[in-house]
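Trainee: sequence-free structure coming up:
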């Protein structure tokens, strides 16, 4: 049997603070069992120093700060024509524009957060010009291409957008740790869109009546919700503002790069604005589930912006207000569109964003403290881009209208994908049709969840808020799942949206 990794193969691992203990444990096992050379990539020199201090065992072949992008953005551009020509060559190599790369960057792509205008500004977002941005991406792409050429990795794990694109072009397997949105399960995604063909294959191979029932909201979601809720009270906002002030002053005194990133005044202002905007939202969004008793409605949960789950997972469509307008336009008479704000987005929205949504006569604003899963269960259908509510609806057998093209549940028959605004009316008509086969959808949803579980591994008691605490048995499960995934299919397939084009 061919091993999933050649002996002594190079493995690229991108550091991730939330999953630090899990990823380091996997790296140790890959080195011990396959003699893998682990090349760790970090975001800055301080992070590199941190990992070097902790690497007494000699786990890493090297620890490399992959930070050329932001440093190069501030370098003077003396030949703009050459920079632009190099950028076009890089676009041809990667198969997408530099602007698409910028879109998923919270600093250089700040303008693409259309419903996140008050996300804090940074020195990179404000001081980088157009040619400086192109130059920065050229340098970053050049760095990664040279690194792939020199080290010739056999596997890349958890890498960012540019190395993921290069890996796919070169046929190098890529795996990314992704939450299964069920219990504390995770799976190994095959690309930066968190897709995995293994899930659809498992669904097809399971017996028709196989299935699991969705339970309480996923553990990771509950942890994040609790942490966010604490920051929205007056005490929480004040505490957050004070913490930011002290922490940033400390970072600056120590000379840390992260202390010179976001403008401190913007971060403090957002912490205080969260309290103000929460109070305002409580006056605007007053509809409860009890108020919707006996009424037909389609549920649209708002996304945070900027957020990996939006700009990165749905680069083809990230226009939330346009989606709401299209849904409101095409809903039949008597059916409402129920919109609910995301707690983590409070304080980031443009001033009149919620007022604009409330202007639609067939739109109601649900209280932000209503649990999303409860709303999903009551809705006739759910419309989404990439939200957890779309996943939950798919599992529960609810009709789903999705503007995102990379959702792992997108292959299910009761999910309608919108590729054009002209598709919205037909998608809603299908979702709300009396002929909708609810029984089959429920059966398929339960079977889909069973397929997700079959492709997943359990991180058990692991809590991403305490990333260094992880049991050996948990790491062993994650490693075994990675090995199985690699054995099942080495190369990372093209994203579904590209394959369908």
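Mentor: Received the coordinates, thanks. Keep in mind that what you see is a predicted model, and the values were worked out from it rather than measured.
Trainee: Would you report the backbone torsion angles of residue 461?
Mentor: The phi/psi pair for residue 461 (degrees, to the nearest 10) reads phi -80, psi 0.
Trainee: Next, count neighbours for it.
Mentor: A count of nearby residues for residue 461, using other CB atoms under 10 Å, gives 12. Glycine gets a C-beta too; all of them are placed from N, C-alpha and C.
Trainee: Please list all residues in contact with it.
Mentor: Contacts for residue 461 (CB atoms under 8 Å, 6 or more residues apart in numbering) come out as 184, 471, 474.
Trainee: And residue 62, how close does it get to residue 248?
Mentor: Per CB to CB, to the nearest Å, residue 62 is found 31 Å from residue 248.
Trainee: higher neighbour count, these two?
Mentor: It is residue 248, of residue 62 and residue 248, that has more neighbours when counted by other CB under 10 Å, with 21 against 12.
Trainee: I'd like the distance between the nearest residue to residue 436 once chain neighbours are set aside and residue 428.
Mentor: Distances taken as CB to CB, 6 or more residues apart in numbering place residue 399 nearest to residue 436, at 6.0 Å, with adjacent residues excluded. According to CB to CB, residue 399 and residue 428 sit 9 Å apart.
Trainee: ditto for residue 474
Mentor: On the measure of CB to CB, residue 474 and residue 428 end up 43 Å apart.
Trainee: thinking the residue nearest to residue 436 is in contact with residue 381, fair?
Mentor: Yes. Checked against CB atoms under 8 Å, the pair residue 399 and residue 381 is within contact range at 4.1 Å.
Trainee: shared neighbours of the two, which are they?
Mentor: Joint contacts of residue 399 and residue 381 (CB under 8 Å, 6+ apart) are 393, 431, 432.
Trainee: With respect to residue 132, which of those residues is nearest?
Mentor: Nearest to residue 132 out of the shared contacts of residue 399 and residue 381 is residue 393 (CB to CB; 43.0 Å).
Trainee: re the thing from before, spit out the residues that contact residue 399 and residue 428 alike.
Mentor: residue 381.
Trainee: So residue 382, which state does it fall into?
Mentor: strand (DSSP: H, G, I helix; E, B strand; the rest coil).
Trainee: Residue 326 versus the residue lying closest to it once chain neighbours are set aside, what's the distance?
Mentor: Counting by CB to CB, 6+ apart, residue 393 is the residue found nearest to residue 382 once chain neighbours are left out, at 3.7 Å. From residue 393 over to residue 326 the distance is 18 Å, taken as CB to CB.
Trainee: how far does stretch 6-20 stretch from start to finish?
Mentor: End-to-end distance for stretch 6-20, by CA to CA, to the nearest Å: 25 Å.
Trainee: got the contact list for that stretch?
Mentor: 5, 23, 27, 30, 34-43, 47, 51, 61, 66, 147, 151-160, 163, 177, 464, 467-468.
Trainee: For PyMOL, write the selection for the buried entries among the residues you listed.
Mentor: Filtering these down to the buried ones (16 or more other CB atoms under 10 Å) takes a single PyMOL command:
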select buried, resi 5+23+27+30+34+36+37+38+39+40+41+42+43+47+51+66+147+151+153+154+155+156+157+158+159+160+163+177+464+467
